[in-house]
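>>> just a sequence and a predicted model for now, questions to come.
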Amino acid sequence: MEVLRAGWVVPVTSPPLRDGRVAVSSGRVVWVGRRGDPGEPTAVVRDLGPGVLLPGLVNAHCHLEASHLAGRLPLGRGFVPWVEALVAARGTVPEETAREGTAAAIAFLERRGTVAVGDVSNMLDHLGRLVASSLWSVVFFELLAWDPLKADATMAWAEERLAAAGRGLSPTVRLAAHAPHSVSPVLLSRLVSRGGPAAMHLAESPEEVRFLATGDGAWTSFLARRGLGNVAFSPPGVSPVRYVDGLGALHPRLVAAHGVQVDDADRAILARRGVHVALCPRSNRNLAVGTADVPALLDAGVRLCLGTDSLASAETLDVLEDAVLLHRQFPQIDPAAVVKMATAGGAEALGLTDLGTIERGKAAALAFAAAADVPADPYRFLLSGEARLARVQRQ
C-alpha cells in the first residue's frame, strides 16, 4: 500500500481536497481524505507535489484507425469537402504506416493522462494493440451502408468480424452506426433489433440536417458522386435526432457524438432517452460545422462526455484540450462540470464503472497535473491550457 499526496485531490464526485491524500492498494483506491482524517492508513507517503491529482481522462469518442491521416486533410472548408478528402485518402497510405500511426496514437493517450477510450473502428485490425496497452477500451464497430439492399450483407460481414475478434483476447466490441445520413433506415433498424446501435455520429453538420429535412444539398451531391444517387430515399422532414428516435435508435447505452445541430425539442428527446452525447469541440471548430450549445444541453439534463474525434480533424487526442476549448467557449459553465465530462461522464458513457472518480473501491487509474505552486482553484488550473496530465504509475 502507498498513500499519494498532492496539492489538490479532485475526486470529481465530492469537493476537491486541499493537501489531499489517496491510499492505493493492489491497484484500488482504499481511502481518500486529508492527513489526520478518520481511517487514514499507515503507509509510505509518495508526495506528487503541489499539482492536481484527479481520475484519469476518458476519451469517449475517438478514431484510432485514422491517426495516420494527421495533417493530411483540409480543415475549415466545410464538412463535405473534408469527408471527400477523407474517403480519397483512405487506402492511399501503406498498411504499415497506418499501423504505426495507430500505435503512436495509443502511446500518446497513455502518456497524456488518458485511462480509457471509446474507439470507433471500421475494421477491428488493431484490437491486439489495445489489449497490449494500459488503456481500458470499448471499441465501437462502425457500420456504413447507404444502399438498403446491402443491409443484410453488411450485418453478416459484421457478425463474422465480431466472431473472429471474439476468438482471441479482445476489448469490449459493440456494433455501431456511422450516421443517419450514411446508414440506410434498413441497416439502422437491423442494429436496433440487436439492441444497438452502441454509438453514432448524430446532428454533426448542417449538411446532415438539410439532407434529412429535404433530401437535397451538398450531401445528396456527395452520394451521387459516390455512385449512390439512385438509392431511393424519402427524406423524413425532421431533425436527425427525431429521425433516429423514430427508428428506435436512441437509448441509454448510446454514445452519440457531436450533438451540434439540435434544438430544444431534440435536447428534450436526448435527455428523455438517456443518451450520452460526446462533445468534440475542437473537431467541430476545425470542420466548421458549428458549436454545440452546451449550456442548453446541460439545462435539458442531457448526459455529456468529451471526445477528441480523430487526428484527421483534431490536433491531438488529448481530451483535456477539448475541455479547455469548451471552457473558453462557455466560461459560464461550472469548471467542475467540464472536468466531470472528461472523467466520470466518459466512464459512465462507456459503462466503465471502475473509472472516472476517486472513490474507495474504484480502480486507481489516476492522472496528475504538475504545478510550480499549489493552484488557487484546481478546476480552473486544469482548464487553463497550462496543465499537462500524466498517468500516475505504481511504484
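Now that the structure is in, tell me what you want to look at.
>>> buried residues in the particular helix or strand that has residue 174 in it?
Element membership of residue 174 [criterion: DSSP states H and E] is strand 172-177. If you call a residue buried by 16 or more other CB atoms under 10 Å, then strand 172-177 has these buried ones: 173, 174, 175, 176, 177. For glycine as for every other residue, the C-beta is placed from the backbone atoms N, C-alpha and C.
>>> with only the CA atoms kept, save the helix or strand that it is followed by in PDB.
Remark: after strand 172-177, the chain's next helix or strand is helix 185-193, criterion DSSP H and E. The C-alpha trace of helix 185-193 is given here as PDB (Å, rounded to 0.1, in the frame of the first residue of the first chain):
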ATOM      1  CA  PRO A 185     -33.000   3.000 -42.400                       C
ATOM      2  CA  VAL A 186     -33.000  -0.700 -43.000                       C
ATOM      3  CA  LEU A 187     -29.500  -1.200 -41.600                       C
ATOM      4  CA  LEU A 188     -30.200   1.100 -38.700                       C
ATOM      5  CA  SER A 189     -33.300  -0.900 -37.900                       C
ATOM      6  CA  ARG A 190     -31.200  -4.100 -38.100                       C
ATOM      7  CA  LEU A 191     -28.900  -2.600 -35.500                       C
ATOM      8  CA  VAL A 192     -31.800  -1.600 -33.300                       C
ATOM      9  CA  SER A 193     -33.200  -5.100 -33.400                       C
END
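>>> so what does helix 185-193 touch, helix or strand wise?
helix 151-166, strand 172-177 (3 or more CB pairs under 8 Å, 6 or more residues apart in numbering; DSSP states H and E).
>>> what angle sits between that helix and helix 151-166?
40 degrees (axes from the mean of the first three to the mean of the last three CA atoms, to 10 degrees).
>>> so what touches helix 185-193?
143, 145, 148, 150-152, 154-155, 175-177, 180, 183, 197, 244, 247-249 (CB atoms under 8 Å, 6 or more residues apart in numbering).
>>> can you say which of those are buried?
143, 145, 148, 150-151, 154-155, 175-177, 180, 183, 197, 244, 247, 249.
>>> go through those residues and say which is closest to residue 366.
residue 176 (29.2 Å; CB to CB).
>>> from what I see, residue 11 and residue 356 are in contact.
No - here residue 11 lies out of contact with residue 356, judged by CB atoms under 8 Å, at a distance of 10.3 Å.
>>> which neighbours do these two share?
Common neighbours of residue 11 and residue 356 (CB under 8 Å, 6+ apart) are residue 55.
>>> which residues does residue 173 bridge with?
residue 139 (DSSP bridges).
>>> and the pLDDT for it?
If you check residue 173, the pLDDT there is 93.
>>> let me see the contact set for it.
Contacts of residue 173 (CB under 8 Å, 6+ apart): 124, 127, 138, 139, 140, 141, 162, 165, 166.
>>> quick check: residue 62 vs residue 36, distance?
41 Å (CB to CB, to the nearest Å).
>>> list the buried residues in stretch 328-341.
330, 333, 335, 336, 337, 338, 339, 340, 341.
>>> and it, end to end?
15 Å (CA to CA, to the nearest Å).
>>> now swap in stretch 360-373 and tell me
Termini of stretch 360-373 sit 28 Å apart (CA to CA).
>>> repeat that for stretch 237-250.
18 Å.
>>> now swap in stretch 297-314 and tell me
Stretch 297-314: ends 23 Å apart by CA to CA.
>>> in that stretch, what's buried?
Buried, per 16+ other CB under 10 Å, within stretch 297-314: 297-298, 300, 302-314.
>>> stretch 52-71 too?
Buried, per 16+ other CB under 10 Å, within stretch 52-71: 52-70.
>>> just the angle between the strand holding residue 174 and helix 151-166, please?
Using the same axes, to 10 degrees: strand 172-177 against helix 151-166 is 170 degrees.
>>> gap between strand 172-177 and the chain center?
Put simply, strand 172-177 sits 14 Å off its chain's centre (CA atoms, centre = their mean, to the nearest Å).
>>> got the CA positions of that strand in CSV?
This file holds the C-alpha atoms of strand 172-177, laid out as CSV (Å, rounded to 0.1, in the frame of the first residue of the first chain):
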residue,chain,number,x,y,z
THR,A,172,-15.3,-5.0,-25.5
VAL,A,173,-16.6,-4.6,-29.0
ARG,A,174,-20.1,-3.2,-29.8
LEU,A,175,-21.9,-2.6,-33.0
ALA,A,176,-22.4,1.0,-34.1
ALA,A,177,-23.8,3.0,-36.9
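>>> gap between the closest residue to residue 216 other than its chain neighbours and residue 250?
Nearest residue to residue 216, sequence neighbours excluded (CB to CB, 6 or more residues apart in numbering): residue 210, at 7.0 Å. Taking CB to CB as the measure, residue 210 falls 21 Å from residue 250.
>>> check contacts around residue 389.
Taking CB under 8 Å, 6+ apart as the definition, contacts of residue 389 comprise 54, 57, 112, 113, 318, 320, 367, 368, 369.
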